[in-house]
Each structure stands twice: as C-alpha cells, then as structure tokens.
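J.: The sequence and its predicted three-dimensional model are supplied below.
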Amino acid sequence: MTNLDARPDEMECGAGGAGGPSGRAGEAGSAAGRVPVEIITSRDVPLGGPRAMTVKRTLPQRQRSMIGAWCFVDHYGPDDVSLIGGMDVPSHPHTGLQTVSWLFEGAITHHDSGDNHAVVRPGEVNLMTSGAGICHTEVSTQDTTVLHGVQLWTVLPDEHRETSGRRFDHYVPEPVTFSGGSALVFMGSLLGSSSPVSTFSPLLGAEIRLDPGAELTMDVDPTFEHGLLVDAGDLTLEGVRVEPTQLAYTGVGERSLTVRNTGAVPGRALLIGGTPFEEQIIMWWNFIGRTHGEIARYRQEWEDHSERFGHVDGYIGHDPQGLTRLPAPTLPGTTLRPRATPEARARTD
C-alpha cells in the first residue's frame, strides 16, 4: 500500500541501539513485573478522497520509528466496502523496502512492474521486494464486501537495496495449534513453525489467535525486539493491556513473552520482531534512502517515468476516469536528515 498523504511526514529514522537484556519492569511496565512493555498508540491517516479508507498507523512515528527492520505498520478495517469504496491505489513507486500484505477479510489484486500478478487473500502472505525500484497497484476485488487487514514494510539493508531485484514471494502458512488458540507464522520462526520466505535481515511475523480466557507463552529470540499489534479482543502482553490498533513494544533480551485474552470474545494480534536495524535511513512518501539527495533523485525519476521503476500492466481501477499513476508530493523545504531512534528497550515512563 502506498502512503497517500499529500504532505507525508518527514519520518527520518536512525539506527537502533542494540541494548542489553532488559531489567525488571516497574508498575508502569508490566503488572507481572517481568518484562517492560511500551505502548505505541495508532493515529488516523486518511488514504484518498471523500470516501477514503482511514488506516490506523503505528509505525513510523516520533515515539519509535522501527521494530527490527519493520518500519511501517498500517491497520485497516473491518470496513464496509459499500461505504468507503474499497481499496483502489493506482501505480506508485517504492525503493529500498519490502511490502508485506496480510489480510483478515476481503481480497486485493496486485500488479507490479516486475510482471508479478496476484490476488492477496486472508491468511496468505504476499511480499514484494522493490530492489532499486518498483511500482505496483492494489485494488480490492469486486466480490469484496468487507476489507480488513494490515500493510507492513521492512527496510532493505544497504548491501541489498540495489541488488535484490524486483521479487514477489507468496506463502500460505499451515496453522500451528496450541491449547486455546492457533498461529500462522508467515515470516521467520515461532512455536516450532518456520516460513520459507526469504528476508534480508532476521525477522518475525505471525498472526496469533486466542480463545476467551486463553494464555500463550512463547519462546522468542532474545536478540530480537518485538511488537504486538492487537486487532481484536481484550489482550494483554506481559500483563499490560493492549487496546485494539495499539502496538505493544518489548526490547531485546527477552527469551519468552506471554499473551493472554482476558475477555469473552476471541482475540487476534500480529507479532512482529527482528534484530535492531543498525543503519541510518530516511523514509519519505514511498521511498527509503540514505540521504536527502537520494530521495530527491527518486522523486524526480518517478516524475520523469524513469526505467528505475518500470511500468505496471493489468491495473483496472474502480473509477474509469481516475488516475492511473500517482504523482509524487512536493518535497519539504528543509533537508531530510536521519533522526536517532530510541535504544532497543521499552520505555514505560
């Protein structure tokens, strides 16, 4: 999914501190007193015109811009397509990243300039790698009545961002069942399940479902920092309540995490994680680069229809009179610079 903001935030992200094992949390961190938990509250971002989709964005923001290489998290729905018009995103560019599409309800057609054409469906991960540059389109299918899901981005390390090529990976994970729930591990490894999807830095992505009253304690990689994005239910992470659309963050050093559903309805969340990303980056609109000059060049090349991004075949939008290609916003009048991100420890004050 593109960032459709006409004036995108200048989210300049710096390297994360590796940090040591986290200490014991105070009352603000965890009712259980073991693991500090930092709550990242979502903000509403409208995508498009009068019937725009509104997404709940937790990453990036000034409080914390990355979790591992995860740098962008938009949660949307459940939305009645008859009211919002569904998703209809014309051709738009990306550099230096991978898009990770994960749906709970509905379906979306995907076309990109790597000549990849697919339908994104619930429970199936679709991962697009930009390489030096790619463009793509996303449109909810005609038979979609409710649209509900999450769009995420991961940063490509410098050594891979120009050489990884325009790739597209699709994977349907088998459910992992446990007492009181199940999980779908779509990236990395968790609960004895591993995804074959290739990543360019150590990453984890999994959907977790918990029955009312159920509790799950997971062994996790202590070199990872983690985030739990709650979609539905009365869920706690290490005893700390996490409201739907909020992202709960834990820093490096933890070897296990406990999620509990304290409510009377089923709960669902996404767990993401990865080793702290040590490179400084600048993210503006749909581009990730390392300097202001790079971002400015990407923008101009997109406006000039450069072969860096190629061309999309197969896009059929909902509006026959609508745009087929998104123009880039105007760059800000200031120089974009990397901004330090907090150390990889949960801040609870």
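T.: Perfect, thanks for sending it.

J.: Only C-alpha atoms from now on, for both contacts and neighbour counts.
T.: Fine.

J.: Can you show me the helices along the stretch 1-150 of the chain?
T.: Ranges of helices in the stretch 1-150 of the chain, per DSSP state H, counting those that start in this stretch, are 81-84.

J.: pLDDT averaged over stretch 274-292, what's the number?
T.: The average pLDDT for stretch 274-292 rounds to 96.

J.: Alpha carbons only: can I get it in PDB?
T.: Output of stretch 274-292 as PDB, limited to C-alpha atoms (Å, rounded to 0.1, in the frame of the first residue of the first chain):
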ATOM      1  CA  GLY A 274      13.700  -8.500  14.400                       C
ATOM      2  CA  THR A 275      17.200  -7.600  15.300                       C
ATOM      3  CA  PRO A 276      17.600  -3.800  15.800                       C
ATOM      4  CA  PHE A 277      18.300  -2.200  12.400                       C
ATOM      5  CA  GLU A 278      21.700  -0.600  12.700                       C
ATOM      6  CA  GLU A 279      21.700   1.600   9.600                       C
ATOM      7  CA  GLN A 280      20.500   5.200   9.300                       C
ATOM      8  CA  ILE A 281      17.700   5.700   6.800                       C
ATOM      9  CA  ILE A 282      15.400   8.400   5.500                       C
ATOM     10  CA  MET A 283      11.800   7.400   4.700                       C
ATOM     11  CA  TRP A 284       9.700   9.900   2.800                       C
ATOM     12  CA  TRP A 285       6.500   9.100   1.000                       C
ATOM     13  CA  ASN A 286       7.100   5.700  -0.600                       C
ATOM     14  CA  PHE A 287      10.800   5.900  -0.800                       C
ATOM     15  CA  ILE A 288      13.500   4.700   1.600                       C
ATOM     16  CA  GLY A 289      17.000   6.100   1.100                       C
ATOM     17  CA  ARG A 290      20.100   7.200   3.000                       C
ATOM     18  CA  THR A 291      20.400  10.900   2.000                       C
ATOM     19  CA  HIS A 292      18.200  13.800   1.100                       C
END
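
J.: where does the chain have its least confident helix or strand?
T.: Sorting the helices and strands of the chain by mean pLDDT, DSSP states H and E puts strand 11-13 at the bottom, at a mean of 46.

J.: Geometric centre of the chain: which residue is closest?
T.: With distances taken as C-alpha atoms, centre = their mean, the residue of the chain nearest its centroid is residue 152 (1.9 Å).

J.: secondary structure element for it?
T.: Residue 152 belongs to strand 146-155 when assigned by DSSP states H and E.

J.: Would you mind pulling the contact partners of that strand?
T.: Residues outside strand 146-155 that contact it (C-alpha atoms under 8 Å, 6 or more residues apart in numbering): 1, 69-81, 86, 96-107, 140, 288.

J.: Buried only: go through these for me.
T.: The neighbour count (16 or more other C-alpha atoms under 10 Å) marks 1, 69-77, 79, 81, 86, 96-107, 140, 288 as buried among the contacts of strand 146-155.

J.: From those, which land in strands?
T.: Applying DSSP state E to the buried ones among the contacts of strand 146-155, the entries found in strands are 70-77, 79, 97-105, 140, 288.

J.: surely residue 342 meets residue 67?
T.: No: assessed by C-alpha atoms under 8 Å, residue 342 is found out of contact with residue 67, at 10.5 Å.

J.: Could you check which of the two has the larger neighbour count?
T.: Each of residue 342 and residue 67 has its neighbours counted (other C-alpha atoms under 10 Å); residue 67 has more, 27 against 17.

J.: you'd agree the more buried one is up against residue 225?
T.: Yes: applying C-alpha under 8 Å as the test, residue 67 and residue 225 come out as touching, 6.3 Å apart.

J.: what residues are shared contacts of the two?
T.: Common neighbours of residue 67 and residue 225 (C-alpha under 8 Å, 6+ apart) are 273-274, 276.

J.: Dump these into JSON lines; add neighbour count, distance to residue 319 and secondary structure as well.
T.: Formatted as JSON lines, the shared contacts of residue 67 and residue 225 follow (neighbours: other C-alpha atoms under 10 Å; distance: C-alpha to C-alpha, whole Å; DSSP: H, G, I helix; E, B strand; the rest coil):
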{"residue": "273", "neighbour count": "29", "distance to residue 319": "38", "secondary structure": "strand"}
{"residue": "274", "neighbour count": "24", "distance to residue 319": "39", "secondary structure": "strand"}
{"residue": "276", "neighbour count": "27", "distance to residue 319": "42", "secondary structure": "coil"}
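
J.: Where do the helices of the stretch 151-300 of the chain begin and end?
T.: With DSSP H, counting those that start in this stretch as the criterion, the stretch 151-300 of the chain has helices at 292-303.

J.: where in the protein is pLDDT low?
T.: 1-33, 48-52 (pLDDT under 70).

J.: One more pass at 90, please.
T.: 1-34, 46-53, 61-62, 83-85, 319-320, 339-342, 348-349 (pLDDT under 90).
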